[in-house]
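coords below, sequence missing:
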Ligand code: SF4
Ligand code: SF4
């Protein structure tokens, strides 16, 4: 079985870490047919209230579904996604 690795650079994507707000982009989610990514609140932010709903993040969760099509990498305007296998 191919082991897929997907890395997102949160300095480019993620409004808690200085990148853009993934809610206003989400192009990776739209481009990915098998729906590998999940958009969620960023629980790990070092803010007074880490549960503040203004902080969001994209995480590649369902790696085994990835077909290595590269659509997410191409769609990301921030060049924040790396897919390797
Ligand atoms: S490479 Fe294709 S299948 Fe894999 S996460 Fe990106 S868009 Fe989805
Ligand atoms: S396409 Fe790139 S910048 Fe847009 S939400 Fe996905 S990872 Fe973030």
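Sure, I can see it. Quick caveat: nothing in here was measured; it's all calculated off a predicted structure. Ligands and ions are numbered 1, 2, ... in the order given.

The residue nearest the centre of the chain: what's it in contact with?
Central residue of the chain (CA atoms, centre = their mean): residue 58, 3.1 Å from the mean position. Going by CB atoms under 8 Å, 6 or more residues apart in numbering, residue 58 touches 8, 13-14, 22, 26, 28-29, 37-39. From N, CA and C alone the C-beta is placed, and that goes for glycine too.

ok, of these, which come out buried?
Buried members of those, scored by 16 or more other CB atoms under 10 Å, are 8, 13-14, 22, 26, 28-29, 37.

Can you add distance to residue 62, pLDDT and secondary structure and give these back as TSV?
Below are the buried ones among the contacts of residue 58 laid out as TSV (distance: CB to CB, whole Å; pLDDT from 0 to 100; DSSP: H, G, I helix; E, B strand; the rest coil):
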residue	distance to residue 62	pLDDT	secondary structure
8	14	94	strand
13	18	92	strand
14	19	82	coil
22	17	91	helix
26	16	96	coil
28	13	98	helix
29	12	97	helix
37	8	97	strand
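
Can you tell me which of the contacts of residue 58 is closest to residue 2?
Comparing the contacts of residue 58 against residue 2 with CB to CB places residue 37 closest, at 18.2 Å.

Surely that closest one is in contact with residue 30?
No - between residue 37 and residue 30 there is no contact under CB atoms under 8 Å: 9.8 Å.

Let me see the ranges of the helices in this protein.
Secondary structure of the chain (DSSP state H): helices at 27-31, 71-75.

Tabulate those helices (CSV), appending distance to ligand 1.
CSV is the format used below for those (distance: least, CB to the nearest ligand atom, whole Å):
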stretch, distance to ligand 1
helix 27-31, 5
helix 71-75, 3
